[in-house]
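Undergrad: Take a look and give me a structure for this.
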Amino acid sequence: MSNKTKYFAHPTAVIEESSIIGEYTKIWHFSHIMKDSIVGNQCNIGQNVVISPKVIIGNGVKIQNNVSVYTGVICEDDVFLGPSMVFTNVINPRSFIVRKEEFMETYVEKGATIGANATIVCGNRIGAYAMIGAGSVITKDVAPYALVIGNPGKQIGWVSKNGHRLFFENNDVAACPESGEKYQLNNSTITPIGI
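TA: As a prediction, the model looks like this:
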C-alpha cells in the first residue's frame, strides 16, 4: 500500500494491504478498496464505493457514491463514473454456480463519462471521451466521442472532449462551443483536428 500521508482515507474506509493507492487520492465514507487493486493519483472515490480485487483505476478518475467496480474492470485516466452506475462481470450469473474463472473484461477509455444509474454489461469497451446518458444500459462497444442513451443504449450523436454535443456541418466538421476544438467526422469515426 502507498504511503498513507500521500492520500486521504476517511476513518470508515477499508483499504486492504495489497492495494495500491496513488498520491492525493481521496477515499470517502464506507468505501472498500480490495486486495491487489490499483487506484491512480488524484482520484476521488465517493461514499459507499467498492473496488474489487485486481481492478485498475487510472489517474484523475472520479467515482461517485454507491458504485461497485468489479473484478475485470479497467478505467483509464480521467474517467467519470456517475452515482449508482453499475458494472457487471459475468454474462450469466447464478448464485449456485461459481463463475469466477469466467469474469469478462470491461474497458473504459480515457475521459469517458458514465451517467448516474447506467448499467454496463461486461465484455464491452467504452471509447475515449464517450458520454453514456443516465439510466442507459450498454450491451455493446461504444465508439470514442459517442453520445449514447436508452435501454438498450443507442448512439444519438457525438460529443467533444469537453462533453458538449457536436453538430456537423456540410463538410463534416464540428466545433466544441466551449474549447473551440474542431472535429472531423469520417465513416462513423471522430478525429480531433485542432482549434
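
Undergrad: okay, now residue 45: neighbour count?
TA: Neighbourhood size, residue 45 [other C-beta atoms under 10 Å]: 32. C-beta here means a position set from N, CA and C on the backbone, and glycine is covered the same way.

Undergrad: and what of the one 10 residues further on?
TA: Here the number of neighbours of residue 55 (other C-beta under 10 Å) works out to 24.

Undergrad: where does residue 77 fall, phi/psi-wise?
TA: With angles defined as degrees, to the nearest 10, residue 77 sits at phi -60, psi 150.

Undergrad: how close does it sit to residue 159?
TA: Going from residue 77 to residue 159 by C-beta to C-beta, to the nearest Å gives 18 Å.

Undergrad: neighbour count winner among these two?
TA: residue 159 (21 against 17).

Undergrad: What does the pLDDT read for the more buried one?
TA: On pLDDT, residue 159 comes in at 98.

Undergrad: do residue 193 as well
TA: Looking at residue 193, its pLDDT stands at 92.

Undergrad: So what touches stretch 173-181?
TA: Here stretch 173-181 makes contact (C-beta atoms under 8 Å, 6 or more residues apart in numbering) with 158, 160-162, 164, 166-168, 182-185, 192-195.

Undergrad: Those, buried ones only, as a ChimeraX selection?
TA: In ChimeraX syntax, the buried subset of the contacts of stretch 173-181 is picked out as below (16 or more other C-beta atoms under 10 Å):
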select :158,160,161,164,166,182,183,185,192
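
Undergrad: how's this structure carved up into domains?
TA: Listed domain ranges for the chain are 4-166, 167-195 (source: automatic domain parsing).

Undergrad: among the ones you listed, which is the most enclosed?
TA: Ranked by mean neighbour count, these are led by domain 4-166 with a mean of 18 (mean count of other C-beta atoms under 10 Å).

Undergrad: Which strand or helix spans the residue lying farthest from the centre of the chain?
TA: Farthest-out residue of the chain from its mean C-alpha position, per C-alpha atoms, centre = their mean: residue 170, at 32.8 Å. According to DSSP states H and E, residue 170 maps onto no helix or strand at all.

Undergrad: quick one on the thing from earlier: which one of the domains of the chain has the poorest average confidence?
TA: domain 167-195 (a mean of 90).

Undergrad: Would you pull up how far that domain lies from the middle of the chain?
TA: Distance, stretch centre to chain centre, for domain 167-195: 24 Å (C-alpha atoms, centre = their mean, to the nearest Å).

Undergrad: likewise stretch 18-29?
TA: Remark: stretch 18-29 is offset 17 Å from the chain centroid, using C-alpha atoms, centre = their mean.

Undergrad: Likewise for stretch 79-90?
TA: On the basis of C-alpha atoms, centre = their mean, stretch 79-90 is displaced by 7 Å from the centre of the chain it belongs to.

Undergrad: Residues contacting it, please?
TA: Identification of contacts with stretch 79-90 by C-beta under 8 Å, 6+ apart yields 46, 57-58, 61-73, 75, 99, 102-104, 106, 108-122, 134.

Undergrad: Same check on stretch 11-25?
TA: Here stretch 11-25 makes contact (C-beta under 8 Å, 6+ apart) with 1-2, 6-9, 27-45, 51, 59.

Undergrad: Great, nothing more from me.
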